[in-house]
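[1] Show me the folded form of this:
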Amino acid sequence: MRVRTDYRSLSGIEKAAMFMLSLDEEHAAQLFENMGDEEIRELSQGMANLGNVSSEIVDHRLGALSVEVEDGDLHTLGHVGLHCALAQAGGATGNECYFSIVQLPAVADIPIEMGVTHAGSGAGACAPGTLQHLALKADSRADLLAMRDRIRSRGVNVIGPIRHGICESIYFAGPEQLTLEVATSNEPINPRQWVDPAVAEKVGISAEDLAIYCTPAPYAGEAGQVPQPPFDPAKPHQAYPKDLYQQLLKTPDDVITAQASFEDPPVRT
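    Next comes the predicted model:
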């Protein structure tokens, strides 16, 4: 029997079938419980007719992991892209932050539009939910100026430092027209001075809510035992296809953890 070696030659059902065949019996059964009869029939037929595929295709398919249900057809949700997670050490404060950069093939087909997808500068506007600009921290003014020197030494223009009262910042453009800031401050932010009630009122935040936002009540969690809440259309939601999203919300956390996690780094030494 011919061995399939080209991932692009697989149909949506075949890709979904590969994913289901990679699961153990218990986890596969839990996913099947959340599918309709027609979806189970089509997927089962795809699993039976899949035939032989190369290990390279299996690795590729498991890299995507997500399955989408649309118009009665199961197919992969997007393609494997570049995912870079960066950690910023906290220095003397002991704090630490992470941010993640994701690059998918389809990004190349989406045009950059200033004032919509991008702000273009620290003073520009862009659509709600998009990234206006990203600010990173320097531990001292000397570190801030050293960062400015380093960026300018690469031929990139930098504006600043500019003092904002709570911090001192430099601004520059990054790849793909990102607007970037590096800031430093030698004193903690006093919310009584720098959180303006007049501005909060203009954006619909009451004085009571503002007090809660500035001094949130401590919360230690419940040992990870809070269940997935029922779907509420009034709450924020990720933009998955509707049927897929409902299935994800019904899927037990341990199933998602087991099947969507991976341990091996991309470069092995």
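
[2] any idea how far Tyr213 is from the closest residue to Tyr240 other than its chain neighbours?
    The shortest distance from Tyr240 to any non-neighbouring residue, by C-beta to C-beta, 6 or more residues apart in numbering, is to Leu248 (6.6 Å). No exception for glycine: its C-beta is placed from N, CA and C like everyone else's. Going from Leu248 to Tyr213 by C-beta to C-beta, to the nearest Å gives 29 Å.

[3] got it, and Pro265?
    Taking C-beta to C-beta, one finds Pro265 at 38 Å from Tyr213.

[4] mean confidence score for the helix or strand hosting Leu180?
    Per DSSP states H and E: Leu180 is located in strand 179-184. Averaging pLDDT along strand 179-184 gives 93.

[5] can you give me the strands in the stretch 51-200 of the chain?
    52-53, 67-70, 73-76, 82-88, 97-103, 134-137, 158-163, 168-173, 179-184 (DSSP state E, counting those that start in this stretch).

[6] Just list the residues touching Pro265, thanks.
    Taking C-beta atoms under 8 Å, 6 or more residues apart in numbering, we find Pro265 in contact with no residue.

[7] Please, which helix or strand holds the residue nearest to Tyr240?
    Using DSSP H and E, Leu248 sits within helix 242-250.

[8] show me what contacts Cys214?
    191, 195.

[9] Grab the nearest non-local neighbour of Tyr213.
    Nearest to Tyr213 is Ile205, by C-beta to C-beta, 6+ apart, at 7.3 Å.

[10] my guess is the residue nearest to Tyr240 contacts Ile256, does it?
    Yes. Between Leu248 and Ile256 there is a contact under C-beta atoms under 8 Å: 7.3 Å.

[11] before we move on, back to that, the residue nearest to Tyr213 - how many residues pack around it?
    15 (other C-beta atoms under 10 Å).

[12] Name the SS class of it, please.
    What DSSP: H, G, I helix; E, B strand; the rest coil gives for Ile205 is coil.

[13] On the pLDDT front, check it for me.
    93.

[14] That one touches Ala211, doesn't it?
    No. Look at Ile205 against Ala211 with C-beta under 8 Å: they stay out of range, at 10.1 Å.

[15] quick one: contacts for Pro191?
    Cys214 are the contacts of Pro191 under C-beta under 8 Å, 6+ apart.

[16] and it, how far is that from Tyr213?
    9 Å.

[17] what pLDDT does the most centrally placed residue in the chain get?
    Closest residue to the average C-alpha location of the chain: Ser100 at 6.8 Å, with C-alpha atoms, centre = their mean. Note for Ser100: predicted pLDDT of 72.

[18] ok, now Ile256?
    pLDDT at Ile256 comes out at 84.

[19] residue contacts, it?
    By C-beta under 8 Å, 6+ apart, the neighbours of Ile256 are Leu248.

[20] Could you list the low-confidence segments of the protein?
    1-13, 15, 18-24, 27, 30, 34, 36, 47-99, 266 (pLDDT under 70).

[21] Just want to know which of Leu248 and Tyr213 has more residues nearby.
    Neighbours were tallied for Leu248 and for Tyr213 using other C-beta under 10 Å; the higher tally belongs to Leu248 (15 against 12).

[22] Show me the helices in this structure, by range?
    Ranges of helices in the chain, per DSSP state H, are 12-22, 25-33, 37-48, 55-64, 141-152, 191-194, 197-202, 207-214, 242-250, 253-260.

[23] List the buried residues of the third one.
    In this case it means helix 37-48. 39, 42-43, 46-47 (16 or more other C-beta atoms under 10 Å).

[24] Of the residues you listed, which is the nearest to Glu201?
    Nearest to Glu201 among the buried residues of helix 37-48: Glu39, at 49.3 Å, using C-beta to C-beta.

[25] Could you measure from the closest one over to Gly46?
    From Glu39 to Gly46 the distance is 11 Å (C-beta to C-beta).

[26] ok, now Ala211?
    Taking C-beta to C-beta, one finds Ala211 at 55 Å from Gly46.

[27] Equivalent analysis for Arg152, please.
    Counting by C-beta to C-beta, the gap from Arg152 to Gly46 is 56 Å.
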